[in-house]
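Peer 1: here you go, sequence then predicted model.
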Amino acid sequence: MTAARSTKPSIASEEQPLSTGARTRHINALGEIAELCLHEPPSSKMYASLLRLVKEIIPCDAASLFLFNSRTNELEETASVGGTVHPLDFLELSIGKGLTSWTATNLKPVVLLDRSGSRHFDPVHDFASFISVPIFDGATPFGVLNLGARTGNGLAQDDVVT
């Protein structure tokens, strides 16, 4: 994932570099993520700390981490910050419901830039922008990260690197 954003369509040759301050904040957040991963035992508290750092890199209203439960072979919410970014439950797969399960099954990110015009959109409970990204340990997927923004186009295609 990357936090590079542009208000115009992204064209590789026209991408603007991050400001020095933004780049420093991102590098510091990545350093803190690495430090947490090296020195903290996996726990919901540690995962919530990681999600707060992700939110520093990719500004969003909420972030949720869903990890595979080895006993049930399903994705389960492990931690959330700013509220749960629900997996958009309109489809069901063997490992769970929604686009989060689709992301894990197909190993490809899902980016919905503006869901606010959908007839299923509830502005009180739903996020208008939604990103779901598979998380890997080497070549093995072990979970999915969901990000949500309350406003349409609150997240950008540039927030995901495929």
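Peer 2: Now that the structure is in, tell me what you want to look at.
Peer 1: ok, Ser101 - how many residues close by?
Peer 2: 23 (other CB atoms under 10 Å). To be clear about C-beta, it is placed using only N, CA and C from the backbone, and glycine gets the same treatment.
Peer 1: do you know how far it is from Thr72?
Peer 2: 13 Å (CB to CB, to the nearest Å).
Peer 1: and if you look at Gln157?
Peer 2: Taking CB to CB, one finds Gln157 at 33 Å from Thr72.
Peer 1: these two: who's more crowded?
Peer 2: Legend: neighbour count by other CB under 10 Å for Gln157 and Thr72, higher for Gln157 (15 against 10).
Peer 1: the more buried one and Pro109 touch, don't they?
Peer 2: No: Gln157 lies out of contact with Pro109 (CB atoms under 8 Å); the separation is 9.6 Å.
Peer 1: lowest-pLDDT helix or strand in this protein?
Peer 2: Lowest by mean pLDDT, DSSP states H and E among the helices and strands of the chain is strand 92-93, with a mean of 47.
Peer 1: for Asn69, which non-adjacent residue is spatially closest?
Peer 2: Distances taken as CB to CB, 6 or more residues apart in numbering put Glu76 closest to Asn69, at 4.9 Å, once the chain neighbours are dropped.
Peer 1: I meant to write Leu67 there.
Peer 2: Gly143 (3.9 Å).
Peer 1: torsion angles phi and psi at that neighbour?
Peer 2: Main-chain dihedrals, Gly143, degrees, to the nearest 10: phi 180, psi -170.
Peer 1: pull the contacting residues for it.
Peer 2: Residues near Gly143 by CB atoms under 8 Å, 6 or more residues apart in numbering: Leu65, Phe66, Leu67, Phe68, Leu75, Thr78, Ala104, Pro134, Ile135.
Peer 1: residues in a beta bridge with it, which ones?
Peer 2: Assessed by DSSP bridges, Gly143 has beta-bridge partners Leu67, Ile135.
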